[in-house]
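coords below, sequence missing:
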């Protein structure tokens, strides 16, 4: 008797979440809140000339983007590379679990953790804005949180693909950070594509297709288009990760 | 092994290469290894480090694909046997979840396999390895020997007819090793087939009915324990057949 693939994956996602909890995720999330609250309290006096409400939003989003990137990377490394190194995945494979099921389940577990982190971050931002007497729009916060989550989900996909491709922690981290940086600097690729020679143009154009641009998730793009864009690229990178992982010696 | 008795494990001309770098350079781990293990036998896989023991076990467990040759468990491919839970495997690197109790860990794996009567299966696996009294304790509190026995319990969970053990006695004190030996004897008594790799030759000689010896990916000996005794014992045979 064997479980269906969906039930196996549901079990694996639960296991992944338990592992994330054991990795002191609550502390990490708590630390994020503390950094946002104390940082905003200290820095709002030095708001560099910006309107205070704007400054608080920018500060909170920058903190969450940076912290979320680190968390997405570390969780993928711990769950995927750690699982391979410890040999714990072998015991699940012996129960009929397929490699792609295991990998996608890990990715979903990390996604759930990142969703919690984003929710907490934007709730903290709401508290900050209310505390300092600024108008709080629930809809605005929800949309901002959704866009932030899409960005973190993309970074998690980069990290997943990097963990599947590279056997060393250092190389996997480097690859994932490189992809994140390339996605962040997409405006530069676009500029180089328009102004460079034909070889450079092809090169940058290729890079633009391969690496998604974070600017596509900003407020300038409609939410629907941003969701489609992020989900499309996330699925692409997750499929790449599965293809690479299926060939990996364990 | 020329008996008409059916084979539980059959390895036929197994060849396996590992890629050693990104340029595509490869190292040969197995060079055409063939052997069979009869049903209900305990077979020892011995050889120096790097001789291909762990690779052979992983191939038979259906975790790796051979570059050439075939692996069969009870007349079906190793991969199919793995998917159907017909083979149990104790890996050399045993990553157990420290935060779960031994019983919770086994219960989870039994759920994942879709087994009915989970509690009975878990209890019988714990009983077999002598951990029934310790099943409620967290794995983080287990000694090395207890962890190894829990690893054996997960390998036999669900009563697979074939059990593959990679260095099961590694790092165990004599008492823990004796408990492990008793568990393996019980598996034999239940009619299950066990293939285990070991560096500790007296133990292999004591526990096994058959010995398969590998050296640099080649099979250098395959025979019954009686043949081993006739050849002057496993230590003598090991020194004669390997460079180690």
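Right, received. Where do you want to start? Note that the structure is predicted; figures quoted are calculated from it, not measured.

residues in contact with the residue in chain B that chain A sits nearest to?
Closest residue of chain B to chain A, Cβ to the nearest Cβ: residue B:95 (2.7 Å). (Each C-beta comes from the backbone N, C-alpha and C, glycine too.) Residue B:95 sits next to A:83, A:85, A:86, A:87, A:88, A:91 when contact means Cβ atoms under 8 Å, 6 or more residues apart in numbering or on different chains.

what helix or strand is the most centrally placed residue in chain A on?
Central residue of chain A (Cα atoms, centre = their mean): residue A:152, 2.4 Å from the mean position. Under the criterion of DSSP states H and E, residue A:152 resides in helix A:138-165.

quick check: phi and psi at residue B:36.
Note on residue B:36: backbone dihedrals following degrees, to the nearest 10 are phi -140, psi 150.

correct me, but it touches residue B:5?
No - Residue B:36 lies out of contact with residue B:5 (Cβ atoms under 8 Å); the separation is 10.0 Å.

these two: who's more crowded?
Neighbours of residue B:36 and residue B:5, each counted by other Cβ atoms under 10 Å in any protein chain shown, are more numerous for residue B:36; the result is 21 against 12.

who does the closest residue to the more buried one other than its chain neighbours form a beta bridge with?
Spatial nearest neighbour of residue B:36, chain neighbours left out: residue B:7 (4.2 Å); criterion: Cβ to Cβ, 6 or more residues apart in numbering or on different chains. In this entry, residue B:7 is beta-bridged to residue B:38, by DSSP bridges.

wait, what's in contact with residue 152?
I went with chain A, as the question did not name one. A:65, A:68, A:69, A:72, A:114, A:117, A:118.

switch to chain B, that's the one I care about
Applying Cβ under 8 Å, 6+ apart, the residues near residue B:152 are B:90, B:128, B:129, B:165, B:168, B:180, B:183.

same check, this time on residue B:76
Counting by Cβ under 8 Å, 6+ apart, residue B:76 touches B:84, B:86.

show the pLDDT at it.
Residue B:76 carries a pLDDT value of 94.

ok, the contacts of residue B:152 vs residue A:98, which is closest?
When the contacts of residue B:152 are ranked by distance to residue A:98 (Cβ to Cβ), residue B:90 comes first, at 21.1 Å.

ok, residue 16 - how many residues close by?
No chain specified, so I'll use chain A. By the criterion of other Cβ under 10 Å, residue A:16 has 24 neighbours.

hmm, I had chain B in mind actually
So residue B:16, with other Cβ under 10 Å, has 24 neighbours.

wasn't it part of a strand?
Yes - assessed by DSSP: H, G, I helix; E, B strand; the rest coil, residue B:16 belongs to a strand.

thought it was touching residue B:63?
No - with contact defined as Cβ under 8 Å, residue B:16 does not count as touching residue B:63 (11.6 Å).

touching the helix or strand residue B:188 falls within from outside, list them.
Following DSSP H and E, one finds residue B:188 within helix B:174-189. Identification of contacts with helix B:174-189 by Cβ under 8 Å, 6+ apart yields B:40-42, B:128-130, B:143-146, B:148-149, B:152, B:156, B:163, B:165, B:168-169, B:172, B:194, B:196, B:200, B:203, B:206-207, B:209.

helix or strand next in line after it, which one?
Remark: after helix B:174-189, the chain's next helix or strand is strand B:193-197, criterion DSSP H and E.

check which residues of the following helix or strand past that next one are buried.
Remark: after strand B:193-197, the chain's next helix or strand is helix B:201-207, criterion DSSP H and E. Buried residues in helix B:201-207, defined by neighbour count with 16 or more other Cβ atoms under 10 Å in any protein chain shown: B:201, B:203, B:204, B:205, B:206, B:207.

need the contacts of residue A:152 in JSON lines (columns: pLDDT, distance to residue B:116 and secondary structure).
Output for the contacts of residue A:152, formatted as JSON lines (pLDDT from 0 to 100; distance: Cβ to Cβ, whole Å; DSSP: H, G, I helix; E, B strand; the rest coil):
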{"residue": "A:65", "pLDDT": "94", "distance to residue B:116": "48", "secondary structure": "helix"}
{"residue": "A:68", "pLDDT": "94", "distance to residue B:116": "43", "secondary structure": "helix"}
{"residue": "A:69", "pLDDT": "95", "distance to residue B:116": "45", "secondary structure": "helix"}
{"residue": "A:72", "pLDDT": "96", "distance to residue B:116": "39", "secondary structure": "helix"}
{"residue": "A:114", "pLDDT": "97", "distance to residue B:116": "37", "secondary structure": "helix"}
{"residue": "A:117", "pLDDT": "96", "distance to residue B:116": "39", "secondary structure": "helix"}
{"residue": "A:118", "pLDDT": "96", "distance to residue B:116": "40", "secondary structure": "helix"}
